[in-house]
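Q: Provided below for reference: sequence and predicted model.
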Amino acid sequence: MRSTEQVRKIVENAHDEWGYKYHILPVVKNAAFLAKKLGADFEVVEVAAYLHDLGVSKKIAGEKGVEKENNHHIVGAKEAQKALKELGYSSDFIEKVVNCILSHRGRKGPRPVTIEQKIIANADAMAHFETFPYLLAFFVKQGGPFEEVVEDIYGKMQRDWEIKLTLPEAKEMIKPKYEAIMVVLESMKNYF
């Protein structure tokens, strides 16, 4: 018997605690909100939100060379397809979830077309703003001069705002956080 709870457990076990708690769960929360508000297929959105970053999970990324290739959407889609098949989901459902995962990146992969795909891409970007300290820590951990880290994260925030946040409902929800984060980052850039 398939269930979203089984999917959640797979994802929780695949990710480290911080990634699960400070990225996956905020994506799921935002995706669920948007799915209800916009009348999307809730189950597709919820499952895709849990699985969207399976390709960067601690369990998968090292095995598949994701760090070097930055192809986590492709690797994650394949892994999600395999897991959902084992759980007994229909091929039509799996295809919808896989397409959400493939299109969630914004710059890489296909552009989101369906409302479910758009919700996953938007919820992913929203999580970056909602848990900004986690994202900043992630960028700092990658290494490099601090100035480059600030520039990189500044660029990511702008791209998320300008490219990934395509739903007016998502932009409206996140706008105060976006504005606050940009004030802080622009302030830092004054010292470079």
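A: Everything's here; your move.
Q: CA atoms for contacts and neighbours, from now on please.
A: Will do.
Q: where does this structure have low pLDDT?
A: Per-residue confidence of the chain (counting by pLDDT under 70) places the weak regions at 1-2, 58-69.
Q: in the longest helix along the chain, what's buried?
A: Assignment by DSSP state H gives helix 168-189 as the longest helix of the chain. Buried residues in helix 168-189, counted by 16 or more other CA atoms under 10 Å: Ala170, Lys171, Ile174, Lys177, Tyr178, Ile181.
Q: Roughly how far does the first one sit from Lys118?
A: If you measure Ala170 against Lys118 using CA to CA, to the nearest Å, the figure is 10 Å.
Q: Which strands or helices does the longest helix of the chain pack on?
A: Applying 3 or more CA pairs under 8 Å, 6 or more residues apart in numbering; DSSP states H and E, we find helix 168-189 packed against helix 115-130, helix 146-159.
Q: immediately after the longest one, which helix or strand?
A: The reference is to helix 115-130. helix 132-141 (DSSP states H and E).
Q: which residues touch the spatially most central residue of the chain?
A: The centroid of the chain falls nearest to Asp124 when counting by CA atoms, centre = their mean (3.4 Å). Asp124 makes contact with His23, Val27, His104, according to CA atoms under 8 Å, 6 or more residues apart in numbering.
Q: correct me, but the last one touches Ala123?
A: No: taking CA atoms under 8 Å as the contact criterion, His104 and Ala123 are not neighbours in contact, 9.0 Å apart.
Q: can you count the residues close to Asp53?
A: Neighbour count of Asp53, defined by other CA atoms under 10 Å: 29.
Q: Against Ile24, how distant is the nearest residue to it once chain neighbours are set aside?
A: Leaving aside its chain neighbours, Asp53 sits nearest to Gly76 (6.3 Å; criterion: CA to CA, 6 or more residues apart in numbering). Taking CA to CA as the measure, Gly76 and Ile24 are separated by 13 Å.
Q: now swap in Arg159 and tell me
A: Remark: distance between Arg159 and Ile24 (CA to CA) = 20 Å.
Q: follow-up on the earlier one: kindly present the buried residues of helix 168-189 as a markdown table, with separate columns for distance to Glu151.
A: Shown next, in a markdown table, are the buried residues of helix 168-189 (distance: CA to CA, whole Å):
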| residue | distance to Glu151 |
| --- | --- |
| Ala170 | 24 |
| Lys171 | 22 |
| Ile174 | 21 |
| Lys177 | 18 |
| Tyr178 | 16 |
| Ile181 | 13 |
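Q: from the contacts of Asp124, which single one is nearest Phe139?
A: Within the contacts of Asp124, the smallest distance to Phe139 is 13.7 Å, found for His23 (CA to CA).
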